[in-house]
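Participant: The sequence isn't on hand, but the structure is:
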């Protein structure tokens, strides 16, 4: 009997951190931010038409990196699609249309059509707290809270989110919303040609964060005296994977350029040149730097198998796994 009561109330425990963050973030960040904007008449998309906007602003670092944002976008779009509500995307400070353009659904919004008047717009957050995105209680809480937000009587609902409630449909939803911009597609085509085409190579991702001291993000930093031995250990992991797939070209992606530069002597390894940044921590990078994240993402999605190496120091990134979901590539984690 006690177990049944516990199981009944357990899902509701997942509501608390999501709603608490929304309350404090609205009070301390979003409402002051919106009040600081130049408010003008919000004659938005026709009288009486509520619009749902996935929002990212430079101040909202909790939106996460590219993978987090994409899962939030597709989750909210899925619910808007179910309810027949207009859905738009504001993705700042970078201009999303430089990298992804509308495909089957036009999600674009002119800057002048964004309402900052808190009498007419409801800004809110809806975040993920449990690391297991398949946790059914978390998904239930996120879905119910999203539907609660969408019922609010405002001209626009601005949602800052990295929620994940539509992963089974991720590929379909993503392709309804997006296709690569011409510039991005040209880069994808070039790198595919170097690797023999889509599904002609495997990939391996290392997510160091700031472990090696050359990337701006959270997490531990290895003492300099320990870095070389750790790099060599990671290279050994690459060599072991190659020994299992000796005929395959191996695309390697990482957030550490220093590590990638160390791999130039491995003739079976392919590296996409350029610097990479975490979108949640860097707001002033060039278009070329941001482009690297999108190129990496699509190149991972076109691999026949997507591997990620993990251990107690390496961060388990959602980036390669979500890329694999895009084109139904097999995703495998390897312990170092």
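Facilitator: Arrived safely, thanks for sending. Fair warning: this is a prediction, and the values are worked out from it, not measured in the lab.
Participant: quick one, what contacts residue 174?
Facilitator: Residue 174 makes contacts with 70, 74, 326, as judged by Cβ atoms under 8 Å, 6 or more residues apart in numbering. Placement of C-beta: from N, CA and C, glycine included.
Participant: Centroid-nearest residue for the protein?
Facilitator: Closest residue to the average C-alpha location of the chain: residue 67 at 1.7 Å, with Cα atoms, centre = their mean.
Participant: Read off the pLDDT value for it.
Facilitator: Predicted confidence (pLDDT) for residue 67: 93.
Participant: before we move on, what about residue 250?
Facilitator: 98.
Participant: secondary structure class for it?
Facilitator: What DSSP: H, G, I helix; E, B strand; the rest coil gives for residue 250 is strand.
Participant: How about residue 117?
Facilitator: With three-state DSSP as the basis, residue 117 sits in coil.
Participant: Residue 71 contacts residue 169, doesn't it?
Facilitator: No. Between residue 71 and residue 169 there is no contact under Cβ atoms under 8 Å: 11.2 Å.
Participant: got any ranges where the stretch 201-336 of the chain has weak pLDDT?
Facilitator: By pLDDT under 70, the low-scoring segments of the stretch 201-336 of the chain are 280-285.
Participant: those helices in the stretch 51-200 of the chain, which residues are they?
Facilitator: Assigned by DSSP state H, counting those that start in this stretch, the stretch 51-200 of the chain shows helices spanning 66-83, 136-150, 170-177, 182-195.
Participant: So which of these is nearest residue 118?
Facilitator: helix 136-150 (14.8 Å; Cβ to Cβ).
Participant: count of residues packed around residue 59?
Facilitator: Residue 59: 14 surrounding residues under other Cβ atoms under 10 Å.
Participant: now do residue 119
Facilitator: The tally of other residues near residue 119 (other Cβ under 10 Å) stands at 9.
Participant: returning to that earlier point: my read: the residue nearest to the centre of the chain touches residue 325, true?
Facilitator: No. Using Cβ under 8 Å, residue 67 makes no contact with residue 325, being 10.0 Å away.
Participant: where exactly do the strands run in the protein?
Facilitator: For the chain, the strands defined by DSSP state E cover 51-56, 87-91, 100-102, 121-126, 156-161, 178-180, 201-206, 249-254, 269-270, 305-310, 330-335.
Participant: Take those and lay them out in CSV including mean neighbour count and distance to residue 133.
Facilitator: Formatted as CSV, these follow (neighbours: other Cβ atoms under 10 Å; distance: least, Cβ to Cβ, whole Å):
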stretch, mean neighbour count, distance to residue 133
strand 51-56, 22, 18
strand 87-91, 20, 21
strand 100-102, 18, 22
strand 121-126, 23, 14
strand 156-161, 25, 13
strand 178-180, 19, 20
strand 201-206, 25, 17
strand 249-254, 22, 21
strand 269-270, 18, 29
strand 305-310, 22, 15
strand 330-335, 13, 13
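Participant: To residue 36, which of these lies closest?
Facilitator: strand 121-126 (12.6 Å).
Participant: Which phi and psi values does residue 222 adopt?
Facilitator: When quoted as degrees, to the nearest 10, the phi and psi of residue 222 stand at phi -70, psi 140.
Participant: Could you list the domains of this structure?
Facilitator: Domains of the chain are assigned by automatic domain parsing as 2-178, 181-335.
Participant: Nearest to residue 262, out of the helices of the stretch 51-200 of the chain?
Facilitator: helix 182-195 (20.2 Å).
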